[in-house]
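In: Here's a sequence, model it:
(chains A and B)
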Amino acid sequence: MTNPIARPGAVLKTYFVVLLFLALRAVGNSAMAWGMKQVPERVSMNPALYLRAMLNPFVAMGVAALILALLTRIALLSLADLSFVLPVTAIGYVIMAFLGKVLLHETVTGRRWLGTVFIFAGAALVGSTAPDTTPPKEHAQ
Amino acid sequence: MKWVLVAVMVCATVLSDLLQSYEMKRAGEQTVSARGLARVLHMIVQRRLLILSVACNAVSFFAFMALVQTEPVSFAVPVSASSFVLETLLAKFVLHERIGSRRAAGALAVLAGVVLVGG
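Out: Sure thing, here's the model as predicted:
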């Protein structure tokens, strides 16, 4: 069995890439949300408005971080199963709820906290399984 | 109209993730250094299925944006989580990933959590 996940280093690397992806997406979404509040026009179907919105430095930073997040997630899928990546990266919902409370002073209801507990528990459960279970023949040599 | 947008968003998300996972399993382990990410970008340009997956990503993003213009986020977020179940099933049957009871239970707990957070 040459499954890469047999090496402890590969598991650590996978968790590091998960954390990097979550950080990039949180920074990207926050910068984008912050920047879009400063853009006077409402963006709609007009692509010129999107381009003009990108002149805002926070929006530009958000877009750059989200592009890096996309590339990081694609790299992550070379290290771990899709059925592992999906639940584990759902922690992002919790991070955004937390940032919404701290940065934007949003109210977090009891229902939301309960959802947060479910996401944490589910992600921890999935996180305790081997990230890569794909048979070696499915991987390119 | 809203259910058309939901269907477009879910199908585009599922297709995007399946294609990315399929291609990246074949590509072998990648790194996330500056050079590693540049390599991933180069792979996207070279591999047609990856280009298609990124295009599906864009379709899903714009469908979501269109959905939240007319529907509350408390509807859009939980309904977008339905792609979770579909993707986990397809990961098992199409990508041949091993989904044991612990992973299945965890995925269901996350799904419930996303519905609660979004709702």
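
In: so where do the helices sit in chain B?
Out: For chain B, applying DSSP state H gives helices covering B:2-27, B:34-46, B:48-70, B:73-80, B:82-93, B:101-118.

In: Relative to residue B:45, how far out is the most far-flung residue of chain B relative to its centre?
Out: In chain B, the residue that sits farthest from the middle, by C-alpha atoms, centre = their mean, is residue B:35; the gap is 25.0 Å. For residue B:35, the distance to residue B:45 (C-beta to C-beta, to the nearest Å) stands at 16 Å. C-betas here are computed from N, CA, C, even on glycine.

In: repeat for residue B:112
Out: In this view, residue B:112 and residue B:45 are 39 Å apart by C-beta to C-beta.

In: quick one, which of those two is more surrounded?
Out: Just comparing residue B:112 and residue B:45: by other C-beta atoms under 10 Å in any protein chain shown the higher neighbour count belongs to residue B:112, 18 against 10.

In: what's the pLDDT at that one?
Out: Residue B:112 is assigned 91 on the pLDDT scale.

In: which residues touch the residue lying closest to it once chain neighbours are set aside?
Out: Of all residues not flanking residue B:112 in the chain, residue A:118 sits nearest, at 4.9 Å (C-beta to C-beta, 6 or more residues apart in numbering or on different chains). Residue A:118 sits next to B:109, B:110, B:112, B:113, B:116 when contact means C-beta atoms under 8 Å, 6 or more residues apart in numbering or on different chains.

In: Please tell me which one of those residues counts the most neighbours.
Out: For the contacts of residue A:118, neighbours tallied by other C-beta under 10 Å; top is residue B:110, 30 neighbours.

In: pretty sure it contacts residue A:124?
Out: No - in this structure residue B:110 lies outside contact range of residue A:124 using C-beta atoms under 8 Å: 10.0 Å.

In: name the element residue A:55 belongs to?
Out: Element membership for residue A:55, per DSSP states H and E: none, as it lies in no helix or strand.

In: what about it, neighbour count?
Out: 10.

In: how much space between it and chain B?
Out: Remark: distance between residue A:55 and chain B (C-beta to the nearest C-beta, to the nearest Å) = 19 Å.

In: Show me the shaky parts of chain B.
Out: B:119 (pLDDT under 70).

In: One more pass at 90, please.
Out: Low-confidence segments of chain B (pLDDT under 90): B:1-3, B:61-86, B:111, B:113-119.

In: okay, the residue nearest to residue A:34 when sequence neighbours are not counted: pLDDT?
Out: Spatial nearest neighbour of residue A:34, excluding adjacent residues (C-beta to C-beta, 6+ apart): residue A:58 at 5.0 Å. Looking at residue A:58, its pLDDT reads 91.

In: Then residue A:130?
Out: In this model, residue A:130 carries a pLDDT of 88.

In: ok, now residue A:27?
Out: With respect to pLDDT, residue A:27 has a value of 91.

In: which residues sit in contact with it?
Out: Residue A:27 is in contact with A:61, A:62, A:65, counting by C-beta under 8 Å, 6+ apart.

In: Looking at pLDDT only, which of the residues you listed scores worst?
Out: When the contacts of residue A:27 are sorted by pLDDT, the bottom entry is residue A:62 at 92.

In: Could you check which helix or strand contains that one?
Out: helix A:57-76.

In: Counting neighbours, show which residues of that helix come out buried.
Out: By 16 or more other C-beta atoms under 10 Å in any protein chain shown, the buried positions in helix A:57-76 come out as A:58-59, A:61-63, A:65-66, A:68-76.

In: hmm, back to that, which secondary structure element contains the residue nearest to residue B:112?
Out: Applying DSSP H and E as the criterion places residue A:118 in helix A:110-127.

In: Run the angle between that helix and helix B:73-80 for me.
Out: Helix A:110-127 runs at 20 degrees relative to helix B:73-80, counting by axes from the mean of the first three to the mean of the last three C-alpha atoms, to 10 degrees.
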